[in-house]
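build me a model:
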Amino acid sequence: MAGHSQFKNIMHRKGRQDAQRSRLFSKLAREITVAAKLGTPDPAMNPRLRAAMLAARAENMPKDNIQRAINKATGGEGESYEEIRYEGYGPGGAALIVEAMTDNRNRTASDIRSYFTKNGGNMAETGAVSFMFDRVGLVSFAPEVADADTMLEAAIEAGADDVASTDDGHDVICEQSQLGEVTKALEARFGEPRASKLVWRAQNTVPVDDEAGEKLLRLMEALEEHDDVQNVYGNFELSEAVLQKMAS
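Model (predicted):
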């Protein structure tokens, strides 16, 4: 998940343009609608919907937008989306996992393959790189809710496996089956988290040189900007020089 985190930090530093924000809201709304359609429109009884709403609120998505997305599902207006995972290799040999939600499998697959090819990567079969990642639960909190030691102590008590605390916040990692319980325990102590969701976490990270790193971030940015792509994960580590250059 290191590559994913580094990329997200860069996008955050660069700031969101109006178009990027609109695209983000569309993706968040799509996840809310699908979650409500697959389960119940009550977030207290639907963990996936609750996680989608948490993500939307963390991005300051208006309440009206969130409710409209739920109403689409309950009113039978929600489109039929298929969830697909794509896997491949980027520049420098970095492994990438792309999660998409689409109403046209052929169109999305063609677009994703094109992005990989144009940016020095290549698509692979499903399962070709996912074995290098673990599917885990992630609960994220803002940095000001607690210091690193307090968060670590609370996470251990809640049954989590690991905590990464940085200036950007606290990321608590747990087994996917424990996500609900860990979230509930930490929320009782620190308030509503910024996110509570399942993610792909790299078992090991691969350092890439600066040239490959810049190409890799351009590939990830292209993938993230595609309307059907919900998440992109990588197993790479970038140099500070690349991080600073791409964030500027």
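
wait, what's in contact with the residue of the chain positioned farthest from its centre?
Relative to the centre of the chain, the most outlying C-alpha is that of G75, 27.6 Å out, by C-alpha atoms, centre = their mean. If a contact means C-beta atoms under 8 Å, 6 or more residues apart in numbering, then G75 has no contacts. In short, each C-beta sits where N, CA and C put it, glycine included.

what's the pLDDT at it?
On pLDDT, G75 comes in at 75.

against Q67, how distant is it?
G75 is 12 Å from Q67, where distance means C-beta to C-beta, to the nearest Å.

next one: T126
From T126 to Q67 the distance is 35 Å (C-beta to C-beta).

with A185 instead?
Distance of A185 to Q67, computed by C-beta to C-beta: 28 Å.

for the two, indicate the residue with more neighbours.
Ranked by neighbour count (other C-beta atoms under 10 Å), A185 and Q67 place A185 first, with 18 against 13.

pull the CA atoms of stretch 239-248 into PDB?
The C-alpha coordinates for stretch 239-248 follow below in PDB (Å, rounded to 0.1, in the frame of the first residue of the first chain):
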ATOM      1  CA  SER A 239      12.700   8.800  -3.600                       C
ATOM      2  CA  GLU A 240      12.100  12.100  -1.800                       C
ATOM      3  CA  ALA A 241      13.400  13.900  -4.900                       C
ATOM      4  CA  VAL A 242      10.600  12.500  -7.000                       C
ATOM      5  CA  LEU A 243       8.000  13.100  -4.300                       C
ATOM      6  CA  GLN A 244       9.000  16.800  -4.100                       C
ATOM      7  CA  LYS A 245       9.100  17.200  -7.900                       C
ATOM      8  CA  MET A 246       5.700  15.700  -8.600                       C
ATOM      9  CA  ALA A 247       4.100  17.500  -5.700                       C
ATOM     10  CA  SER A 248       5.300  20.900  -6.900                       C
END
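
so for it, mean pLDDT?
71.

begin at 343 from here
Got it, the first residue is 343 from now on, which makes the last one we talked about stretch 581-590.

starting at the chain centroid, how far to it?
21 Å (C-alpha atoms, centre = their mean, to the nearest Å).

how close does the closest residue to K587 other than its chain neighbours get to P433?
The shortest distance from K587 to any non-neighbouring residue, by C-beta to C-beta, 6 or more residues apart in numbering, is to E556 (7.1 Å). Going from E556 to P433 by C-beta to C-beta gives 8 Å.

what about these two, which has more around it?
Counting neighbours by other C-beta under 10 Å for E556 and for P433 shows that P433 has the greater number, 20 against 17.
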